[in-house]
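Colleague: with the sequence up front, the predicted model follows.
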Amino acid sequence: MPDTAAPVLLNTALGHVAAIPPYPPGRPIAAVAREFGLDPANIIKLASNENPMGCSPKAMEAIRASATETHYYPDFDCFELRHALAEENGVSFAEVLPGAGSSDLILQVARGWLDKGRHAIVPQYSFAAYESCAKAQGSSTVTVPAKGWDYDLDALVSAVTDETGALFIATPNNPIGNVVAPDALEAFLKAVPEHVLVVLDEAYREFLPVEQRPDLKRLMATRQNLLVMRTFSKIHGLAGLRVGYGIANPSIITTLKTLQMPFSVSAVGQAAALASINDPAFTQAYHDLNASERQRICAAFEDKGFDYVPSQANFILFHVGDGPATAQALMKRGVITRPVANYGLKTWLRVSIGLPEQNDVFLKHLFDLLPQGSRAA
Ligand SMILES: Cc1ncc(COP(=O)(O)O)c(C=O)c1O
């Protein structure tokens with residue numbers, strides 16, 4: 001039916017909320033199958049930086065076992081998971097808070113730290129939820145231009161004013177894949193005035209080699225007004241269960257917990273996350289596979305003349321000329337990638353690193369579609 005025939009329905013949402021652009025998620029396999037008449041079994045999703053190996057067998061066992069208890073509300077305190085996370089990270093129980101994905105914590109930061117009188121500082125290329133959560137609070141955002149593909153850390157510090165409520169920064173960063181080296185990160189955290197809550201998003205931390213991961217204890221000693229966010233959606237392969245966590249001083253954690261909806265972290269999610277922490281061999285196997293496949297895909301890009309941005313995460317940003325059109329053409333062939341036009345990167349696409357056979361299919365279709373490669377201007 002044409003849009004003109006649609007009735008105009010009343011929506012009395014606040015003006016600043018109605019103006020927020022909807023989040024453009026990676027297309028689900030079932031939706032692409034319906035749209036293009038494809039067999040879901042033949043569709044490869046490389047759009048949302050998920051774990052192509054699935055989740056740990058131990059987590060799957062925990063999911064099955066906890067599924068018999070779904071008539072009970074989950075433990076609001078996430079007691080066991082919180083203890084395990086505290087132990088794993090060498091912090092106290094009071095310094096850790098699980099959330100329904102790290103997105104839940106981003107939202108609580110916006111609710112607790114931002115409003116009309118304050119703004120959030122976000123880097124030019126950074127996870128879209130920072131801005132949308134800030135805007136939902138009526139807060140403005142100050143976007144600090146990148147320096148090439150890297151953060152301009154000095155400019156981020158210089159953007160701080162008395163009205164800055166929070167500053168968001170991710171390393172490795174989505175959708176670029178760049179990282180801030182631990183020394184530079186520490187200097188940056190020292191330089192940001194203490195009245196600003198710095199949200200350090202480490203959703204892709206585990207894809208870094210161990211020696212390149214920032215030292216949590218050092219960071220926390222450097223700065224009190226700091227929230228480190230992690231997730232079980234990426235290396236742990238539990239995106240569908242929505243579990244993330246924050247680490248901060250107990251006062252910040254108490255505020256975040258007060259703001260959270262009760263029982264937002266499901267019992268099945270808590271059980272699966274706990275089991276996954278106890279299966280480091282699984283996450284290590286994915287880390288290793290991701291590193292070698294990333295290298296292989298980058299070599300193929302180089303060979304065929306595609307510009308790409310070196311990545312330290314489980315995805316790669318690469319140049320195609322027309323991102324949305326190429327994503328659409330790949331989707332028709334059963335490969336879902338992620339257009340990044342919403343980040344102002346219309347000529348680029350982001351591809352998540354899949355299993356070797358999935359990556360082969362992706363590369364074959366890409367090279368069929370763009371045999372000449374694609375160079376950025
Ligand atoms: C940088 C970054 N932070 C946070 C998230 C959200 O993760 P979660 O599934 O834990 O909400 C994502 C998801 O893609 C991300 O890329």
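Modeller: Arrived safely.
Colleague: quick check: phi and psi at the closest residue to residue 309 other than its chain neighbours.
Modeller: Nearest non-adjacent residue to residue 309, counting by C-beta to C-beta, 6 or more residues apart in numbering: residue 317, 4.5 Å away. Just so you know, the C-beta spots here come from the backbone N, C-alpha and C atoms, and that holds for glycine as well. Backbone geometry at residue 317, expressed as degrees, to the nearest 10, gives phi -90, psi 130.
Colleague: could you pull up the residues touching residue 317?
Modeller: By C-beta atoms under 8 Å, 6 or more residues apart in numbering, residue 317 lies in contact with 175, 176, 177, 308, 309, 311, 340, 345, 348, 349, 350.
Colleague: give me the pLDDT for it.
Modeller: pLDDT for residue 317: 98.
Colleague: same thing with residue 284?
Modeller: 98.
Colleague: quick check: buried residues in the host helix or strand of it?
Modeller: For residue 284, the host element (DSSP states H and E) is helix 280-304. Within helix 280-304, the residues that count as buried by 16 or more other C-beta atoms under 10 Å are 282-283, 286-287, 289-291, 293-294, 297-298, 300-301.
Colleague: what of stretch 150-170?
Modeller: 151-153, 156-157, 159-160, 164-170.
Colleague: with secondary structure, pLDDT and distance to residue 113 added, can I get the residues you listed in JSON lines?
Modeller: Shown next, in JSON lines, are those (DSSP: H, G, I helix; E, B strand; the rest coil; pLDDT from 0 to 100; distance: C-beta to C-beta, whole Å):
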{"residue": "151", "secondary structure": "coil", "pLDDT": "98", "distance to residue 113": "21"}
{"residue": "152", "secondary structure": "coil", "pLDDT": "98", "distance to residue 113": "23"}
{"residue": "153", "secondary structure": "helix", "pLDDT": "98", "distance to residue 113": "21"}
{"residue": "156", "secondary structure": "helix", "pLDDT": "98", "distance to residue 113": "17"}
{"residue": "157", "secondary structure": "helix", "pLDDT": "98", "distance to residue 113": "18"}
{"residue": "159", "secondary structure": "coil", "pLDDT": "98", "distance to residue 113": "16"}
{"residue": "160", "secondary structure": "coil", "pLDDT": "98", "distance to residue 113": "14"}
{"residue": "164", "secondary structure": "strand", "pLDDT": "98", "distance to residue 113": "10"}
{"residue": "165", "secondary structure": "strand", "pLDDT": "98", "distance to residue 113": "4"}
{"residue": "166", "secondary structure": "strand", "pLDDT": "98", "distance to residue 113": "5"}
{"residue": "167", "secondary structure": "strand", "pLDDT": "98", "distance to residue 113": "10"}
{"residue": "168", "secondary structure": "strand", "pLDDT": "98", "distance to residue 113": "11"}
{"residue": "169", "secondary structure": "strand", "pLDDT": "98", "distance to residue 113": "15"}
{"residue": "170", "secondary structure": "strand", "pLDDT": "98", "distance to residue 113": "17"}
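Colleague: sweet, I'm off.
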